[in-house]
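# structure for the following, please:
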Amino acid sequence: SNQQQILQDGGKIMMTKEQQHEDSSYSRSSNTTANEEARKIKKNKRKNKKNVAEIPNHIIFNTALDGIARHGPPSAVLRILQLMQKTSVTKSVVTYNTLLNAYATKKQWQKAEQVLESMVRAQVKADIYTYNTLLKAY
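Below you'll find the model as predicted:
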């Protein structure tokens with residue numbers, strides 16, 4: 001029929017009013033279905049995935065360690081390290097460098113050396129930041 005026919009006008013494809021209505025109805029229903037599916041997927045991911053804050057990792061610990069090392073008492077630093085050990089989070093070069101920096105900025109070179117020794121025992125490879133930070137302690 002004439003209403004179902006696609007007309008060409010200057011290279012542009014045009015649809016009749018009936019086709020436009022059918023197309024937009026399909027588009028709306030497929031969008032709704034897609035949105036519902038997306039919501040279901042997100043909901044299932046949330047159910048099956050623990051909140052990131054519930055999963056301690058080296059990034060969270062190193063961030064806390066850095067703040068406490070700069071502004072908190074040394075006993076708080078030790079508690080963070082003990083907590084890392086209890087939760088089986090591996091100390092990285094960043095962890096050791098953070099500790100070194102805390103002692104180096106306070107010119108506590110003996111404690112900084114102890115951190116370096118601990119790093120060697122743990123078989124964590126020192127980097128350029130490790131050595132530069134250690135130099136600041138003297």
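
# how about the closest residue to Lys125 other than its chain neighbours, phi and psi?
Nearest non-adjacent residue to Lys125, counting by Cβ to Cβ, 6 or more residues apart in numbering: Val93, 6.6 Å away. Every C-beta, even on glycine, is put in place using the N, C-alpha and C of the backbone. With angles defined as degrees, to the nearest 10, Val93 shows backbone torsions of phi -60, psi -30.

# same thing with Thr90?
phi -70, psi 140.

# what are the boundaries of the strands in this structure?
Assigned strands in the chain, in chain order: 7-9, 12-14 (criterion: DSSP state E).

# what mean pLDDT does the first one get?
Pointing back at strand 7-9 there. Average pLDDT, strand 7-9: 40.

# equivalent analysis for stretch 74-86, please.
85.

# where does the chain dip in pLDDT?
1-55 (pLDDT under 70).

# so how far is Asn101 from Ile128?
14 Å (Cβ to Cβ, to the nearest Å).

# neighbour-wise, which of these two wins?
Asn101 (22 against 7; other Cβ atoms under 10 Å).

# tell me the contacts of the more buried one?
Ala69, Thr133, Lys136 (Cβ atoms under 8 Å, 6 or more residues apart in numbering).

# measure the second one to Leu81 for me?
To tie it back to what came earlier, the one meant is Thr133. Thr133 is 17 Å from Leu81, by Cβ to Cβ.

# and those two? which has more neighbours close in?
Shown here are Thr133 and Leu81; by other Cβ under 10 Å, Thr133 has more neighbours (24 against 17).
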